[in-house]
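In: Just a sequence and a predicted model for now, questions to come.
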Amino acid sequence: MNDKLKELLDNEYVWPAHYTFKFIVSSDRLGELVEILGNGVEVKESAKGNYVSVTLHAKMDSSDEVLELYKRAAVVKGVISL
């Protein structure tokens, strides 16, 4: 999967490039995800407040850097990468 995503990213972007990450995570796991993603995240709560969508716009140097951030975020239990 990573090879295909890397190929798609490299075909779509000229690095370095601005990339938008989007995640959905339960509200009680938000802190873990923000710790991984760092500053500059946008957070929007679901209607019931059980889940949040998290968006990060970041300048990335390569597709490998994008994949690494997805890999780091995947350790958060229940996180969904969009």
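Out: Here it is on my side, so go on.

In: Relative to A47, how far out is the most centrally placed residue in the chain?
Out: Nearest residue to the geometric centre of the chain (Cα atoms, centre = their mean): F21, 3.8 Å. F21 sits 23 Å away from A47, going by Cβ to Cβ, to the nearest Å. Where you see a C-beta, it was placed from the backbone N, CA and C, and this is true even at glycine.

In: What of V75?
Out: V75 is 27 Å from A47, by Cβ to Cβ.

In: which of these two has more neighbours?
Out: More neighbours surround V75 than the other of V75 and A47, with 10 against 6 (other Cβ atoms under 10 Å).

In: Check what pLDDT the more buried one gets.
Out: The pLDDT attached to V75 in the predicted structure is 96.

In: Report the contact partners of it.
Out: Applying Cβ atoms under 8 Å, 6 or more residues apart in numbering, we find V75 in contact with I36.

In: for the chain, what spans make up the strands?
Out: Using DSSP state E, the strands found in the chain span residues 17-26, 41-45, 51-60, 80-81.

In: helices or strands next to the shortest one in the packing?
Out: In other words, strand 80-81. With contacts taken as 3 or more Cβ pairs under 8 Å, 6 or more residues apart in numbering; DSSP states H and E, strand 80-81 sits against strand 17-26.
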